[in-house]
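1. take a look and give me a structure for this.
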Amino acid sequence: MAELEMLFSVWQTSAALSLEDQVKRLTENYVSLYEVVATKNVQLETKVMALETKVAALEAKNIELETKVEHHDILVEKLARLEIALQRQTTSQLSVKNSMPRTCREARAADPYR
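-> This is a model prediction of the structure:
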């Protein structure tokens with residue numbers, strides 16, 4: 001904004017200044033504007049590099065989290081299967097304990113160490 005004000009002030013005072021003075025002033029304003037733009041450019045490039053670094057770190061973190069979610073899902077599925085198998089085993093053990101063998105063969109099959 002300051003650059004535009006400088007340029008505007010040049011045009012306002014152009015009537016009072018000689019042509020050489022106007023060219024000198026325009027040159028000074030151009031150099032000043034160029035320096036400001038160059039400084040802003042460096043600042044923006046620095047910010048872009050910092051943001052690119054953050055994006056790379058976030059992408060790596062995202063991949064790590066996705067892997068953990070996949071492993072979590074696998075573990076949840078395995079746990080559910082184990083719980084079902086345990087429930088079935090417990091149910092079958094209870095039914096075996098509650099039933100009286102009718103023959104010696106059934107007794108030996110139910111408890112071979114007897």
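
2. from now on I want contacts and neighbour counts done on CA atoms only, so please keep to that.
-> OK.

3. and after whichever strand or helix holds Thr90, which helix or strand comes next?
-> Taking DSSP states H and E as the definition, Thr90 sits inside helix 19-98. Sequence-wise, the next helix or strand downstream of helix 19-98 (DSSP H and E) is helix 104-110.

4. so what pLDDT did the residue nearest to the spatial centre of the chain get?
-> In the chain, the centroid-proximal residue (CA atoms, centre = their mean) is Leu58; its distance is 3.8 Å. pLDDT recorded at Leu58 is 98.

5. from Leu51, how far out is it?
-> 10 Å (CA to CA, to the nearest Å).

6. give the buried residues for stretch 31-46.
-> Leu33 (16 or more other CA atoms under 10 Å).

7. average pLDDT for that stretch?
-> For stretch 31-46, mean pLDDT rounds to 97.

8. tell me the gap between it and the middle of its chain.
-> Its chain's average C-alpha position is 31 Å from that of stretch 31-46, according to CA atoms, centre = their mean, to the nearest Å.

9. then stretch 80-92?
-> 39 Å.

10. residues of that stretch that come out buried?
-> So for stretch 80-92, nothing qualifies as buried (16+ other CA under 10 Å).

11. can you tell me the average pLDDT over that stretch?
-> 89.

12. and what of stretch 104-114?
-> Rounded mean pLDDT across stretch 104-114 is 75.

13. buried sites along stretch 17-30?
-> Here stretch 17-30 shows Gln22, Arg25, Leu26, Asn29 as buried, counting by 16+ other CA under 10 Å.

14. make JSON lines from those and add distance to Thr91 to it.
-> Below are the buried residues of stretch 17-30 laid out as JSON lines (distance: CA to CA, whole Å):
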{"residue": "Gln22", "distance to Thr91": "100"}
{"residue": "Arg25", "distance to Thr91": "97"}
{"residue": "Leu26", "distance to Thr91": "95"}
{"residue": "Asn29", "distance to Thr91": "91"}
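
15. ok, those residues vs Arg108, which is closest?
-> Asn29 (106.1 Å; CA to CA).

16. biggest separation within the buried residues of stretch 17-30, which pair?
-> Gln22 and Asn29, at 10.4 Å, using CA to CA across those.

17. quick check: Arg25 vs Thr39, distance?
-> 21 Å.
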